[in-house]
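Participant: quick one, what's the 3D model for this:
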Amino acid sequence: MAKMTLMDKLAILSDAAKYDASCASSGTVRRSSEKTKGIGSTEGSGICHAYAPDGRCISLLKILMTNFCIYDCVYCVNRSSSNVARARFTPAEVVKLTMEFYKRNYIEGLFLSSGIIQNSDHTMEQMVEIARKLRLEENFSGYIHLKTIPDASPQLIETAGLFADRLSINIELPTDISLTSLAPEKDPRDIRRSMGHLRAKIEEHKGEAKDRAKPQRFSPAGQSTQMIIGADGSDDDAILGRSENLYGNYQLKRVYYSAFSPIPDASSRLPLQKPPMMREHRLYQADWLMRFYGFDRGEIVSGGEDGMLDLSIDPKLAWALKHRERFPVDVNKADQEMLLRVPGLGTKAVKRILSTRRHRTLRLDDVAKLCQSIAKVRPFLTALDWTPGGLTDKADLKLDFTPRPKPAQQLSLF
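Facilitator: As a prediction, the model looks like this:
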């Protein structure tokens, strides 16, 4: 067998990393190579990118250290019984790739995950070694996100937090029952224990008083997790309930939803699901409503049927259509909480509305300048020169926001 080149490994392991969703770099501290006298920089603005094997530069080098794995999780394309091309980077190779890609202005940082090789501690040791070499030997100040191994020793995870901007531990599936069934080698108690330990360490390193010596930075961008959706029979209500619990118990920065992609030789053991990518998109929207718009889970799910979100429209619009008695609202008088529930108004638009109406009474054109979709807003609010009349209660109002199917075309025979 011919020896695998570094680029061969990159093609395999960058493609294998596409199943890892939690790679955003928002929330970390600002660092600049101008101050550190090193190489690289990171900014507090959100970056959610990766490096694709086709050569496109997408800001973060997003790779697996290896896709060899001793686990046989049914939903994972890299499970031990899967017939996929395998590769493995050495720590030195990952460091070399990261630095060379950065110097060529391809990337701003590294997102690193891995299959489990030999055992959890051995794998975690190598990932920590990569982060250590980048920080201490290469003076790399760019962003580093490490996917940690839940049952690795606490000491290794603590060391990882001293070098990485963000750590993440995958919750994997919406329920413990599903995880036990589809990934029997993984223990949900280990995952929760590791997430709790990580939360404690992050809080410990935040410092408690201004006159206290500045604590050593530890995972300054916090922790996140990834949940695979569509690999089990959990409905959207259960998925959002699990997310609600995770945010509350572990103060996560983000729960990432990853739509399950059917694996041919495992699909017979897994349930058929609704369109996975659209479902993932709707769950992200619902998650956003819970975190920033004041909606609770029950309200969001009530917009759909049988515990599932409506895939044809966004969850805020779905809720509004089922609660038309709350509308229209007066854009010049409604409080912030109610304005945030108006379809088409985002958090920035609501802030601008509240600020602007202190000085003058808003017309519909004013609202149009402050939001992205006045067509979505019109049925749900009143302004100085606008009232929707019977539009709010229009029986087929949903159709105005649902993409119409393209008419069938007769194909030419010649």
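Participant: quick one, what contacts Gln228?
Facilitator: That one is not Gln; residue 228 is Ile. Neighbouring residues of Ile228 by C-beta atoms under 8 Å, 6 or more residues apart in numbering: Tyr75, Glu172, Leu173, Ser258, Phe260. Just so you know, the C-beta spots here come from the backbone N, C-alpha and C atoms, and that holds for glycine as well.
Participant: helix, strand or coil for it?
Facilitator: With DSSP: H, G, I helix; E, B strand; the rest coil as the basis, Ile228 sits in strand.
Participant: and what of Leu354?
Facilitator: Classified using three-state DSSP, Leu354 is helix.
Participant: now do Asp121
Facilitator: Three-state call for Asp121 (three-state DSSP): helix.
Participant: burial of it, as a residue count?
Facilitator: Residues lying near Asp121 (other C-beta atoms under 10 Å) number 14.
Participant: output the contacts of Ile228 in a markdown table, with neighbour count appended to each entry.
Facilitator: Shown next, in a markdown table, are the contacts of Ile228 (neighbours: other C-beta atoms under 10 Å):
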| residue | neighbour count |
| --- | --- |
| Tyr75 | 24 |
| Glu172 | 24 |
| Leu173 | 26 |
| Ser258 | 21 |
| Phe260 | 21 |
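Participant: elements contacting the helix or strand where Ile63 lies?
Facilitator: Using DSSP states H and E, Ile63 maps to strand 59-64. Under the contact criterion of 3 or more C-beta pairs under 8 Å, 6 or more residues apart in numbering; DSSP states H and E, strand 59-64 touches helix 6-16, helix 91-103, strand 107-113.
Participant: pull the distance from that strand to the chain's centre.
Facilitator: Centre-to-centre, strand 59-64 and its host chain are 15 Å apart (C-alpha atoms, centre = their mean, to the nearest Å).
Participant: could I have the CA atoms of stretch 200-208 written out in CSV?
Facilitator: Listed next in CSV are the C-alpha coordinates belonging to stretch 200-208 (Å, rounded to 0.1, in the frame of the first residue of the first chain):
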residue,chain,number,x,y,z
ALA,A,200,-17.4,24.5,37.2
LYS,A,201,-13.9,25.1,35.9
ILE,A,202,-15.0,27.9,33.6
GLU,A,203,-16.8,29.6,36.5
GLU,A,204,-13.8,29.1,38.7
HIS,A,205,-11.5,30.8,36.3
LYS,A,206,-13.7,33.8,35.8
GLY,A,207,-12.5,35.4,39.0
GLU,A,208,-14.7,36.7,41.8
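Participant: could you give the mean pLDDT of that stretch?
Facilitator: Mean per-residue pLDDT for stretch 200-208: 83.
Participant: buried residues, that stretch. List them.
Facilitator: Of all the residues in stretch 200-208, those buried under the rule 16 or more other C-beta atoms under 10 Å are Lys201, Ile202, His205.
Participant: contacts made by it with the rest, please.
Facilitator: Stretch 200-208 has contacts (C-beta under 8 Å, 6+ apart) with Ile157, Glu158, Gly161, Lys214, Pro215, Gln216, Arg217, Phe218, Ser219, Gly222, Gln223, Gln251.
Participant: if you rank those by neighbours, which is first?
Facilitator: Neighbour counts for these, by other C-beta under 10 Å, peak at Ser219, which reaches 27 neighbours.
Participant: determine which two of the contacts of stretch 200-208 are furthest apart.
Facilitator: Ile157 and Lys214 (22.1 Å; C-beta to C-beta).
Participant: which residue ranges of the stretch 51-200 of the chain form helices?
Facilitator: 91-103, 120-132, 154-163, 176-182, 188-204 (DSSP state H, counting those that start in this stretch).
Participant: so which of these gets nearest His323?
Facilitator: Proximity to His323 (C-beta to C-beta) singles out helix 176-182 among the helices of the stretch 51-200 of the chain, at 32.2 Å.
Participant: I would like the residues contacting the closest one, please.
Facilitator: Contact with helix 176-182 is made by 73-75, 172-173, 186, 188, 231-234, 269-270, as judged by C-beta under 8 Å, 6+ apart.
Participant: low-confidence stretches in the stretch 251-400 of the chain?
Facilitator: By pLDDT under 70, the weakly predicted segments of the stretch 251-400 of the chain are 262-275.
Participant: can you give me the strands in it?
Facilitator: Remark: strands assigned in the stretch 251-400 of the chain by DSSP state E, counting those that start in this stretch are 254-259, 329-330, 381-382.
Participant: let me have those strands in TSV, adding distance to Met127 as columns.
Facilitator: Output for these, formatted as TSV (distance: least, C-beta to C-beta, whole Å):
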stretch	distance to Met127
strand 254-259	19
strand 329-330	51
strand 381-382	51
